[in-house]
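[1] Dropping the sequence and predicted coords here.
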Amino acid sequence: MARIVGAINTSHVPAIGRAIAANLQDDPYWKPFFDGFPPVHAWLDKVRPDVVVVLYNDHGLNFFLDKMPTFAVGAAPEYHNADEGWGIPTLPPFKGVPGLSWHVINELVAREFDLTTCQEMLVDHAFSLPLKLLWPDAPSCPVPTVPVCINTVQYPLPSARRCYKLGKALGEAIASWDEDKRVLIVGTGGLSHQLDGERAGFVNPAFDKAFMDSLIDNPEWVTQYSNEEIVEKTGTQGIELLMWLAARAALPGKVSRVHSNYHIPISNTASGLLAMACEN
Ligand code: DHB
Ligand code: FE
């Protein structure tokens, strides 16, 4: 049976792609952000995942506002990154794991999650950059992937409670996959940020830190809030924390904190990193 080794949650700001391309990791602006990753790399070397399931939100590359699934799962042999209009370099294609994709799709549909299944899927910065941050030295991502998309772009959005349930069902589905594989969950987005409107530049470090802490011992904490309350507390795009929540919910049993980092600003975003190990 497959075993989930843990989860890594991280922000996915497009400017990170530019910084990587220009080798700015030691630049004073970027260093506090990139310094978060070496302890996570060391943990990855230890747990050596065979597969990574990535929870993220598409920003208009694969799905546009005319067709917006609430939840979508990729079931392709490979996933192409493409020009997203940000001018960041595209990364080589990511290998898929159709066997796990279809197992997850079948299990989630059986558990009453009505998914969109994607046998072709372009992946944007929210998918590609976190994987590049986790495996920076490999020319292409060395671990095959299953993309899971949550709509955090166009209302109506799924509630935190619903995303928690999705994550839990996803974790149970993965654990019932009849393959002897180690699976890593990655959740991308956030943390607090608002890109436009009257509150552009809004961040809320106190809330972000409380949310990050809650994921270790009390992961349902944020489900007390409606999406409108989360947006009020974290900014319009801060709602991307839903992917962090779903990723944590996929972990069975107790977890321990491997490493965390929190830094403001990247672009005008509060960036966070949280790696958690399953204690099983
Ligand atoms: C930006 C874009 C994102 O998708 C995000 O999550 C944070 C910041 C940006 O354009 O700066
Ligand atoms: Fe985003």
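    That came in fine, so what should we check first? Ligands and ions are numbered 1, 2, ... in the order given.
[2] So which bits of the stretch 151-280 of the chain are right by ligand 1?
    Selection of the stretch 151-280 of the chain residues close to ligand 1 by Cβ under 6 Å from any ligand atom yields 189, 193, 195, 237, 240, 267, 269. In short, each C-beta sits where N, CA and C put it, glycine included.
[3] just those residues now: which is nearest residue 12?
    residue 189 (6.0 Å; Cβ to Cβ).
[4] does the closest one really touch residue 242, like I thought?
    Yes: contact criterion Cβ atoms under 8 Å: residue 189 and residue 242 qualify, at 7.4 Å.
[5] Now for these two: what residues contact both?
    Shared contacts of residue 189 and residue 242 (Cβ atoms under 8 Å, 6 or more residues apart in numbering): residue 152.
[6] picking that back up, from the residues of the stretch 151-280 of the chain next to ligand 1, which ones fall inside strands?
    residue 269 (DSSP state E).
[7] pLDDT-wise, what's the bottom of the residues of the stretch 151-280 of the chain next to ligand 1?
    pLDDT across these is lowest for residue 267, at 91.
[8] And for that one, the neighbour number?
    Under the neighbour criterion other Cβ atoms under 10 Å, residue 267 is assigned a count of 14.
[9] Residue 163 now?
    28.
[10] Repeat that for residue 265.
    Residue 265, neighbours per other Cβ under 10 Å, totals 15.
[11] That one belongs to a helix?
    No: checked against DSSP: H, G, I helix; E, B strand; the rest coil, residue 265 lies outside a helix; its state is strand.
[12] contacting residues for it?
    203, 271.
[13] for the one 5 residues further on, same thing?
    By Cβ under 8 Å, 6+ apart, the residues touching residue 270 are 11, 190, 191, 192, 193, 203, 204, 205, 208, 262, 263, 264.
[14] which among these gets closest to ligand 1?
    residue 193 (5.4 Å; Cβ to the nearest ligand atom).
[15] Using CSV, write out the CA atom coordinates for the helix or strand containing residue 9.
    Assigned by DSSP states H and E, residue 9 belongs to strand 3-10. Only the C-alpha atoms of strand 3-10 are listed here, as CSV (Å, rounded to 0.1, in the frame of the first residue of the first chain):
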residue,chain,number,x,y,z
ARG,A,3,2.3,5.6,2.4
ILE,A,4,2.0,9.4,2.8
VAL,A,5,5.3,10.7,4.1
GLY,A,6,4.1,14.3,4.8
ALA,A,7,3.2,17.6,3.2
ILE,A,8,5.0,20.8,2.2
ASN,A,9,3.0,24.0,1.9
THR,A,10,4.5,27.0,0.2
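[16] Cheers, nothing more for now.
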